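Asker: Following is a predicted model, sequence given first.
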Amino acid sequence: MWERTLQDLIRGLRANKNDQAKFIAQANEEIRREIKSKDMELKAAAVMKLTYLDMLGYDMAWASFHVVEVMSSSKIHLKSVGYLAATQSFNQDTDVLMLTTNLLKKDLSSSPADVAITLNGLSDIVTADLARDLSPELIAMLNHSRPHIRKRAVLTLYRVCEKYPDVLRQSIPRMQEKLDDSDPGVVSAAVNVLCELARRNPQDYLPLAPQLFHLLTTSSNNWMLIKIVKLFGALSPREPRLVKKLQPPITDLITTTSAISLLYECVHTCIIGNMLQGSSGLSLARTCVSKLAAFLQDADQNLKYIALLAMVKIVPTHPELVAEHQDMILASIDDEDISIRMRALDLVTALVTRHNLQSIVQQLLSHLVQPQGSSLPSAVQSLSQHIVPTIPSKAPSAPSQSPAYRLVLSQHIISMCSSSTYDNVVDFEWYLSVLVDLAYISNVDIGAQIRDQLVDVVGRVKAARTYAVKLMVKVLSDETLMLNAGEPGSCSEVLWAAAWICGEFCDELLAPEELLPYLLHPNVAFLEPEIIAVYIQAANKIFGYWATEAAQQWTHDLLEKVKGAVETMIEQMEEFVSSPHIEVQERAANILQFFTFIKHDLVAFRPRGENGLADALASSLDPVAEPSFPKSLYLIRPLVSSYELGPVAPAAQTSVPLPEGLDLDAWIVPAMKDLIVDDESHEVERKVKKSKKGKEKETPNRTKVKGGKKKRREDETVEELVPQEPEETAEERAERERLKAERLERMREDPYYITDQLPTRMVVDDVDSIPVVRLDDLPPPLLKAEEPRLFALRSDSSRSAPARFVVEKEGEMPERVVSEEPPRQASAPASRHQTPSLFDRISTPPPSLLSFQQYEVPDEDARASTPEPIRVTRAKKKGPSSTKKKRTVNPDA
């Protein structure tokens with residue numbers, strides 16, 4: 001009978017490409033018949049065909065027992081087929097592996113050819129049980145007379161140690177002997193196995209250092225030297241004495257070897273093995289850096305990559321050596337390979353100092369600027385360049401404009417500037433300009449980081465606030481940034497920072513009212529809710545400051561201007577009140593109430609007569625005289641400028657002392673305890689009682705029926721035992737109605753009680769009916785200042801000397817808390833000449849506003865600025881019949 005061989009199976013697969021599944025099904029049927037044959041040659045041929053089909057993805061787990069049969073053949077060519085099929089198809093869960101233990105022991109004690117095949121197959125199919133049972137035979141194989149058997153035994157022993165770690169105690173001494181073996185192949189195999197085992201626990205392999213050092217200085221096998229150098233890289237951190245011993249041979253290898261792989265491993269071992277420390281390590285570090293710099297000039301991209309990767313690890317210990325090759329490193333940022341550019345960015349970030357920060361950042365920013373008319377080639381253009389032979393053009397120097405690379409580049413720029421709380425930044429005005437430029441040219445979603453940096457710099461560096469306000473005004477007045485706020489990569493979060501800075505430090509603006517139209521622009525409604533909320537708050541602060549300044553320089557011409565600004569604020573706040581976002585809605589509603597009050601005060605304001613000098617003299621003599629400006633202009637400013645904002649220390653929250661007597665479980669309002677009890681609890685509640693006892697139920701006629709035998713009819717109902725209510729007399733009904741009315745009246749004044757009837761909104765038509773509130777600490781009117789300029793600052797003159805920027809690194813701590821860390825020194829050098837800054841006056845809390853003569857009214861009509869709360873006391877119940885709660889009002893209130 002003619003059987004199909006493996007070659008015939010392969011030819012048939014190629015000839016039946018259109019109907020391959022049908023052909024493979026027929027081949028499987030033939031293999032199933034052949035593999036059951038008693039002829040070992042035919043069985044081995046069937047196993048070989050199954051192995052080929054298994055490589056194509058067809059399962060052969062059903063033939064595992066037949067594979068073991070072929071493995072047990074006495075003929076070497078059949079045995080090799082069986083072991084090949086086992087390595088291809090067996091796994092850790094194959095059940096027939098338990099039958100191979102004796103077979104493997106027998107083969108390991110057979111001829112050298114059988115031993116070699118067995119060791120090769122065992123390294124792939126070994127399990128924990130096989131490793132435990134066969135470890136004595138394998139250790140004995142380390143002393144075999146044939147070198148190739150010893151080499152295979154060493155490599156197989158590594159797989160056995162992985163599956164059964166207990167064998168390490170017996171195998172390591174025997175493995176150490178193989179380091180002195182006469183055959184280089186056995187020594188190389190032993191070094192490879194020891195290098196892999198030492199990765200898990202290098203401390204256990206320190207006794208092997210003398211023999212490994214001898215091999216390092218005598219061997220010429222580069223591949224074995226690479227493994228030895230790697231192994232010493234793992235041992236050196238555990239044994240510091242090895243560093244001094246290894247420096248001479250490692251230096252010799254670096255300077256003499258021509259193998260790039262060995263050279264890199266030596267450099268890497270010097271880095272991870274702490275061999276570059278101290279005076280002796282300086283020369284070695286210089287040698288390593290010079291070799292790596294040569295890699296940067298090589299045309300091989302792989303060498304450039306590993307050079308940059310190694311330099312990143314050398315920078316922390318020897319930045320000055322790497323900085324000597326700064327030009328080549330910066331040139332790598334223009335490389336076409338994205339991986340090389342990313343490693344170059346990491347290296348440049350680590351190289352930054354106070355002296356080279358600005359030059360490096362400016363070069364990185366130039367990569368973010370998209371050249372005019374530049375665009376990536378289309379797919380058709382790229383294909384045509386490869387199909388049609390043309391003169392190769394020079395690669396563009398600008399890096400790829402992919403969003404991922406631009407995002408990483410932008411993040412690196414911020415990271416290198418803000419590291420160690422701006423230690424490398426000398427000119428913070430330059431850094432603020434870089435952040436704004438980054439928002440315009442990055443074209444990626446990095447606005448949140450830019451916003452945080454702007455706020456943090458302005459909060460920590462007081463001398464930079466003047467320039468920051470000037471810069472943020474330009475950002476707020478840029479309509480393009482607002483119109484493109486909804487697009488991806490627009491960095492609209494910068495508007496958040498700009499509004500916050502201008503609102504918080506609006507006293508740096510000479511004409512703050514000119515900024516209000518930009519904060520109240522109709523397009524603001526299309527921004528994110530978080531930005532709108534900050535815009536509203538900033539407009540409120542700027543108006544409050546401008547109103548205070550206007551009151552100090554009050555003239556009759558300012559009245560209409562202030563009224564117009566108030567009308568604009570009210571009109572815009574009324575739109576934001578209906579916003580679906582609660583933060584915007586709440587802020588707009590609160591500010592709307594403020595400006596409604598200011599509007600009524602401005603309407604009721606009556607300017608003084610033409611005899612201003614006489615009126616001023618009269619007001620100075622009359623303590624009750626009205627001021628010459630609307631009093632409501634001082635309403636907002638004290639609310640937002642009482643304290644200066646500053647950076648908060650990282651440990652400030654955890655350092656807040658616990659207030660004495662704080663009990664979070666106690667009632668904040670003790671009287672609320674009594675209000676929880678419902679006053680209508682005296683009404684009789686209807687209760688339904690169902691009498692149940694075991695499985696018996698009562699019927700309406702008081703007869704008991706077994707629930708398990710008879711079903712209750714649908715018309716049967718459960719008896720409801722309702723207590724009879726006594727008839728209510730007219731006196732009792734009147735008393736109940738009186739108690740209900742009193743309860744509702746009491747709850748109406750209770751702020752914690754929610755009623756279903758909303759109170760009617762009070763409209764104040766008569767401004768004179770508003771209670772007179774004593775406004776303390778108002779400054780006297782000042783002379784009119786110079787004509788305001790658009791967005792002019794308090795001082796626009798250029799600095800005669802560079803300003804001294806002092807960074808507040810520690811931050812504020814809670815009161816009565818002493819920081820344990822010693823205070824840091826200022827980042828700026830003390831030798832620099834200090835120019836008196838405009839912000840020196842801000843270093844202390846802002847002084848209170850100057851006061852003019854207070855109002856004095858008769859004692860009986862005296863009103864405090866904040867009325868005392870009404871004290872409400874309720875009588876406790878003395879008996880079950882007393883349900884009336886009396887309310888007494890303190891007459892002193």
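Answerer: Perfect, I can see it now.
Asker: now the helices for the stretch 101-250 of the chain?
Answerer: 101-108, 112-125, 128-141, 147-163, 168-177, 184-198, 209-218, 222-235, 241-256 (DSSP state H, counting those that start in this stretch).
Asker: For residue 498, what is the enclosing helix or strand?
Answerer: Here residue 498, judged by DSSP states H and E, is contained in helix 493-504.
Asker: what's near enough to touch the most centrally placed residue in the chain?
Answerer: When C-alpha atoms, centre = their mean is applied to the chain, the residue found nearest the centroid is residue 449 (10.9 Å). By C-beta atoms under 8 Å, 6 or more residues apart in numbering, the residues touching residue 449 are 411, 414. All C-beta atoms are positioned from the backbone trio N, CA, C, and that covers glycine.
Asker: Now do the same for the helix or strand harbouring it: mean pLDDT, whole number.
Answerer: Assigned by DSSP H and E, residue 449 falls within helix 447-460. Mean per-residue pLDDT for helix 447-460: 94.
Asker: and it, how far out from the chain's middle?
Answerer: Here the centre of helix 447-460 is set off from its chain's centre by 16 Å, with C-alpha atoms, centre = their mean, to the nearest Å.
Asker: ditto for stretch 521-535
Answerer: That offset, for stretch 521-535, works out to 25 Å (C-alpha atoms, centre = their mean).
Asker: got it, and stretch 633-648?
Answerer: Relative to the centre of its chain, stretch 633-648 is centred 32 Å away, using C-alpha atoms, centre = their mean.
Asker: And it, what's buried?
Answerer: With burial defined by 16 or more other C-beta atoms under 10 Å, the residues of stretch 633-648 counted as buried are 633, 634, 635, 636, 637, 640, 641, 647.
Asker: Take those residues and write them to TSV, including secondary structure.
Answerer: Below are the buried residues of stretch 633-648 laid out as TSV (DSSP: H, G, I helix; E, B strand; the rest coil):
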residue	secondary structure
633	helix
634	helix
635	coil
636	coil
637	helix
640	helix
641	coil
647	coil
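Asker: in the helix holding residue 449, what's buried?
Answerer: Buried residues in helix 447-460 (16+ other C-beta under 10 Å): 447, 449, 450, 451, 453, 454, 455, 456, 457, 458, 459, 460.
Asker: Would you confirm that residue 322 contacts residue 310?
Answerer: No. Contact criterion C-beta atoms under 8 Å: residue 322 and residue 310 do not qualify, at 10.0 Å.
Asker: Give me the contacts around the helix holding residue 498.
Answerer: By C-beta under 8 Å, 6+ apart, helix 493-504 touches 436, 439, 447-448, 450-451, 454-455, 458, 465, 468-469, 472-473, 475-476, 481-482, 485, 509, 515, 519, 527, 530-531, 534-535, 537-542, 645.
Asker: Narrow those to those in helices?
Answerer: Counting by DSSP state H, the contacts of helix 493-504 place 436, 439, 447-448, 450-451, 454-455, 458, 465, 468-469, 472-473, 475-476, 481-482, 519, 530-531, 534-535, 537-542 in helices.
Asker: Type out the PyMOL command that picks the buried ones from those.
Answerer: Per 16+ other C-beta under 10 Å, the buried members of the ones in helices among the contacts of helix 493-504 correspond to this PyMOL selection:
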select buried, resi 436+439+447+450+451+454+455+458+465+468+469+472+473+475+476+481+482+519+531+534+535+537+538+539+540+541+542
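Asker: so how many other residues sit close to the nearest residue to residue 154 once chain neighbours are set aside?
Answerer: Once flanking residues are discounted, residue 154 sits nearest to residue 189: 4.4 Å by C-beta to C-beta, 6 or more residues apart in numbering. Each residue near residue 189 was counted by other C-beta atoms under 10 Å, and the total is 24.
Asker: what's the answer for residue 148, then?
Answerer: Neighbours around residue 148, by other C-beta under 10 Å: 15.
Asker: what's the distance between it and residue 120?
Answerer: Distance from residue 148 to residue 120, counting by C-beta to C-beta, to the nearest Å: 11 Å.
Asker: export the buried residues of stretch 633-648 to TSV and tack on distance to residue 283 and pLDDT?
Answerer: Output for the buried residues of stretch 633-648, formatted as TSV (distance: C-beta to C-beta, whole Å; pLDDT from 0 to 100):
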residue	distance to residue 283	pLDDT
633	74	88
634	73	88
635	73	88
636	69	88
637	67	87
640	63	85
641	62	82
647	45	85
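Asker: Now the two most distant members of those.
Answerer: 633 and 647 (31.9 Å; C-beta to C-beta).
Asker: buried sites along stretch 727-745?
Answerer: Neighbour counts over stretch 727-745 (16+ other C-beta under 10 Å) mark 739, 742, 743 as buried.
Asker: what mean pLDDT does it have?
Answerer: Mean predicted lDDT for stretch 727-745 stands at 82.
Asker: hey, where'd the strands end up in the protein?
Answerer: Residue ranges of the strands in the chain, as given by DSSP state E, are 692-693, 696-698, 704-706, 872-874, 887-889.
Asker: For the fourth one, the averaged confidence score.
Answerer: To tie it back to what came earlier, the one meant is strand 872-874. Averaging pLDDT along strand 872-874 gives 43.
Asker: One more: the third one?
Answerer: Regarding strand 704-706, the rounded mean pLDDT is 43.
Asker: what do you get for the second one?
Answerer: Computed over strand 696-698, the mean pLDDT rounds to 43.
Asker: So residue 475 versus residue 485, what's the distance?
Answerer: From residue 475 to residue 485 the distance is 12 Å (C-beta to C-beta).
Asker: ugh, wrong one, I meant residue 23
Answerer: Taken as C-beta to C-beta, the span from residue 23 to residue 485 is 64 Å.
Asker: which of these two has more neighbours?
Answerer: Shown here are residue 23 and residue 485; by other C-beta under 10 Å, residue 485 has more neighbours (20 against 16).
Asker: can you pull the contacts of that one?
Answerer: If you count contacts by C-beta under 8 Å, 6+ apart, residue 485 has them with 492, 495, 526, 527, 528, 531.
Asker: Try it again at 6 Å.
Answerer: When contacts are counted by C-beta atoms under 6 Å, 6 or more residues apart in numbering, residue 485 touches 492, 527.
Asker: Look up how far residue 324 lies from it.
Answerer: Residue 485 is 45 Å from residue 324, by C-beta to C-beta.
Asker: Over to residue 316?
Answerer: 16 Å.
Asker: swap in residue 443?
Answerer: 35 Å.
Asker: neighbour-wise, which of the two wins?
Answerer: residue 443 (19 against 12).
Asker: For the more buried one, which non-adjacent residue is spatially closest?
Answerer: Excluding the flanking residues, the one nearest residue 443 by C-beta to C-beta, 6+ apart is residue 489, at 4.5 Å.
Asker: Next up, the contacts around the one you found.
Answerer: Taking C-beta under 6 Å, 6+ apart as the test, what residue 489 contacts is 443, 444, 445.
Asker: TSV for those residues, including distance to residue 430?
Answerer: TSV is the format used below for those (distance: C-beta to C-beta, whole Å):
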residue	distance to residue 430
443	22
444	22
445	24
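Asker: Of those, which is the nearest to residue 142?
Answerer: Within the contacts of residue 489, proximity to residue 142 (C-beta to C-beta) peaks at residue 444, which comes in at 59.9 Å.
Asker: what's the neighbour count on that closest one?
Answerer: Neighbour count for residue 444, taken as other C-beta under 10 Å: 22.
Asker: From what I see, it and residue 406 are in contact.
Answerer: Yes. Assessed by C-beta atoms under 6 Å, residue 444 is found in contact with residue 406 at 4.9 Å.
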